[in-house]
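Everything below, folded, please.
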Amino acid sequence: MTFRVLVLRRAEAEVGAIAQWLAARSSEGALRWLDAFDLAKDALASNPLSGELAPEDEFVDVEVRQILFKTRHGNRYRVLYVVEVNDVRILHVRGPRQPLIPSDEL
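Down below sits the predicted model:
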């Protein structure tokens, strides 16, 4: 079964901000990061329950999961999402050293 992956506006803005920040340093690096993010989305479409529970999960009543992906330099990024029937909703994309998402933003 294939799940529909929806990137919510806030997550879309976070992806854009991360890509812009990376592009200011390396346009190739930004493109590789976007490719890695797309691969993470593809993985969610085929098997969304493979992601572990996110640390933020303990603060809310819904099951918040995360999938991790890395850059070539080893920086880890987190995609936070929820699974609803046949949909995967990406809530946030977090970069290295960014704090946890407050429960009122989930």
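
Please make it C-alpha for all contacts and neighbour counts, starting now.
Will do.

center of the chain - which residue?
Note on the chain: the residue nearest the mean C-alpha position is residue 79, at 1.8 Å, using C-alpha atoms, centre = their mean.

Residues touching the helix or strand hosting that one, excluding its own?
Assigned by DSSP states H and E, residue 79 belongs to strand 76-84. Residues outside strand 76-84 that contact it (C-alpha atoms under 8 Å, 6 or more residues apart in numbering) are 48-49, 54, 62-70, 88-96.

Ok, stretch 57-75 next?
32-33, 36-37, 40, 50-54, 56, 76-83, 96, 103, 106.

Need the single longest helix in the protein, by residues.
When the chain is parsed with DSSP state H, its longest helix is helix 27-46.

and that one, what other elements does it pack with?
Packing partners of helix 27-46 (3 or more C-alpha pairs under 8 Å, 6 or more residues apart in numbering; DSSP states H and E): strand 4-7, helix 9-25, strand 65-70.

The spatially closest residue to residue 77 that is not a sequence neighbour: neighbouring residues, count only.
Leaving aside its chain neighbours, residue 77 sits nearest to residue 95 (4.7 Å; criterion: C-alpha to C-alpha, 6 or more residues apart in numbering). The number of residues packed near residue 95 is 16, by other C-alpha atoms under 10 Å.

What backbone torsions are found at residue 95?
phi -90, psi 180 (degrees, to the nearest 10).
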